[in-house]
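In: okay, here's the prediction I keep looking at, along with the sequence it came from:
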Amino acid sequence: MRIWAKEFSDNRLIRDMVITDNSNETRTHKVFHALEEVCHAFDLGKPIWLDSNISDFQQHSKTRFTADSFIEDIPFDYLEFQVIEED
């Protein structure tokens, strides 16, 4: 599985990262591990999965974490999280 995380501010890509996970874990575990890696690399607190995030991710394998999903202030508009390749 490959997951692409992108940080945007003013409709511009600020930074991005691709996480590859070839483990035998479940899809959910791979997604959570990838989000942890991204947050560590970008020095962010882990976002909260709101109902809208869960719904978007289930339907489109993609979601956006906005300021509402983070406990602390974020210096960007949103973090986009997308599965780009399934196992």
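Out: Here it is on my side, so go on. Keep in mind the model is a prediction, meaning the values are calculated, not measured.
In: in which helix or strand would I find the residue nearest the centre of the chain?
Out: In the chain, the centroid-proximal residue (C-alpha atoms, centre = their mean) is Phe81; its distance is 3.2 Å. Here Phe81 sits within strand 78-85, counting by DSSP states H and E.
In: surely the residue nearest to the centre of the chain touches Lys62?
Out: Yes. Contact status for Phe81 versus Lys62: in contact at 7.0 Å, counting by C-beta atoms under 8 Å. C-beta: built from backbone N, CA, C; applies to glycine.
In: residues in contact with the closest residue to Val31 other than its chain neighbours?
Out: Among residues not flanking Val31 along the chain, Ile3 sits closest, at 6.9 Å (C-beta to C-beta, 6 or more residues apart in numbering). By C-beta atoms under 8 Å, 6 or more residues apart in numbering, the contact set of Ile3 is Val18, Ile19, Asp21, Lys30, Val31, Ala34, Val38, Phe81, Gln82, Val83, Ile84.
In: give me the neighbour count for the second one.
Out: Yep, that's Ile19 we're talking about. Residues lying near Ile19 (other C-beta atoms under 10 Å) number 20.
In: ditto for the fourth one
Out: Here the neighbour count serves as a burial measure; for Lys30 (other C-beta under 10 Å) it reads 22.
In: kindly state the pLDDT recorded for it?
Out: At Lys30, the model reports a pLDDT of 96.
In: from Glu72, how far off is the residue lying closest to Pro75 once chain neighbours are set aside?
Out: Closest residue in space to Pro75, ignoring its immediate chain neighbours: Ser9 at 7.4 Å, by C-beta to C-beta, 6+ apart. Noted for Ser9: a distance of 16 Å to Glu72, by C-beta to C-beta, to the nearest Å.
In: can I have the host helix or strand of Val31 written out in CSV, keeping just the CAs?
Out: Using DSSP H and E, the element containing Val31 is helix 27-41. Taking Å, rounded to 0.1, in the frame of the first residue of the first chain, the C-alpha atoms of helix 27-41 are listed here in CSV:
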residue,chain,number,x,y,z
ARG,A,27,-5.8,-1.8,5.7
THR,A,28,-6.9,0.2,8.7
HIS,A,29,-3.6,-0.5,10.6
LYS,A,30,-1.6,0.5,7.6
VAL,A,31,-3.5,3.8,7.3
PHE,A,32,-3.1,4.6,11.0
HIS,A,33,0.6,3.8,10.8
ALA,A,34,1.1,5.9,7.8
LEU,A,35,-0.7,8.9,9.4
GLU,A,36,1.6,8.5,12.5
GLU,A,37,4.7,8.5,10.2
VAL,A,38,3.5,11.6,8.4
CYS,A,39,2.7,13.5,11.6
HIS,A,40,6.1,12.6,13.1
ALA,A,41,7.9,13.7,9.9
